[in-house]
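Trainee: Predicted model and sequence follow; I will ask about them next.
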Amino acid sequence: MTRFHQLLFGTALGLVASTAPALADPQNPAEIGRAVDALIHAQTRESPGRIEISRPEIDSHLRLQQCAELEAFLPPGAKLWGNSTVGVRCAAPERWSIFVPVRVRVWANVVVTMRPLSRGQTLTGGDLGTQELDLAQLRPGIITDAQRAAGRVMNISVPGGTPLRADMLRAVPVVLQGETVRVVFGGKGFQVSSEARALANAGVGEAVEVRTATGKLLKGIVREAGVVEVR
């Protein structure tokens, strides 16, 4: 279950509508807010971590014709992640639409470094900790499971307290540049193998180029020490 918080921030609304000085039956602003909340709740139900949503109260002075059926929507290109916008529109009896600013925070425990780490250093459990951070404020690829980082090698040097991303790490090499490896070719109902020379270091699950005895250049995935699968 996600936790859904409504916090006040700001008061401005982007308005695309014609308003009249007085309406006999104006739209209840609270209903607009509820339409926004319902869309956000539905869209973030499966999001990772703990969700916090904040939006301003709908201006009680906003004068719009009461709508028979409100429709909340995400504008083109918008996503409910960080600072975003939700639209609410009405088709009848009068067409109007407004845009409500929202902020979506996704709190989760992410893997962080417990001390400064150097490029080429192999990570151990003591190098890693966790901290609850807002995923919406971090770059993609953040690691949330310490087991995905332990035993891997740093691609760069980082200070202590750095949230780790997948692109900061590489697998421990089990194929070394210049060594002879077994290249496995697979297909439906058959498998053959031959030898080739690795052109770079690579760990299990990583891509590596190899050159065969005939000089052909192939690219495959390291499956285990000394074995590269080519499809």
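Mentor: Thanks, I have the structure now. Residues are numbered from 1 along each chain as shown.

Trainee: can you list contacts of the helix or strand hosting Val86?
Mentor: Assigned by DSSP states H and E, Val86 falls within strand 82-90. Contact with strand 82-90 is made by 14, 27, 32, 35-36, 39-40, 55, 64-65, 67-75, 78, 80, 95-105, 136-137, as judged by C-beta atoms under 8 Å, 6 or more residues apart in numbering. In this view, the C-beta of every residue, glycine as well, is placed from N, C-alpha and C.

Trainee: right, and the helix or strand after that strand?
Mentor: Sequence-wise, the next helix or strand downstream of strand 82-90 (DSSP H and E) is strand 96-113.

Trainee: Need the CA coordinates for the next helix or strand after that following strand. CSV is fine.
Mentor: As assigned by DSSP H and E, the chain's next helix or strand after strand 96-113 is strand 128-134. Written as CSV, here are the backbone C-alpha positions of strand 128-134 (Å, rounded to 0.1, in the frame of the first residue of the first chain):
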residue,chain,number,x,y,z
LEU,A,128,27.6,-0.2,1.5
GLY,A,129,24.6,1.2,3.5
THR,A,130,21.1,2.3,2.8
GLN,A,131,19.4,5.7,3.1
GLU,A,132,15.8,6.7,2.4
LEU,A,133,15.9,9.2,-0.5
ASP,A,134,13.4,10.6,-3.0
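
Trainee: what is the rounded mean pLDDT of strand 128-134?
Mentor: Here strand 128-134 scores 96 as its mean pLDDT.

Trainee: Same question for stretch 209-228.
Mentor: Across stretch 209-228, pLDDT averages out at 93.

Trainee: and what of stretch 105-118?
Mentor: Stretch 105-118 comes out at a mean pLDDT of 96.

Trainee: which residues does the residue nearest the centre of the chain contact?
Mentor: Centroid-nearest residue in the chain, with C-alpha atoms, centre = their mean: Pro140, separated by 5.0 Å. Listed by C-beta under 8 Å, 6+ apart, the contact set of Pro140 reads Arg165.

Trainee: Please determine how far it is located from Trp81.
Mentor: In this view, Pro140 and Trp81 are 11 Å apart by C-beta to C-beta, to the nearest Å.

Trainee: Just give the closest residue to Ser97, not the sequence neighbours.
Mentor: Arg89 (3.8 Å; C-beta to C-beta, 6 or more residues apart in numbering).

Trainee: Need the pLDDT of the one you found.
Mentor: 96.
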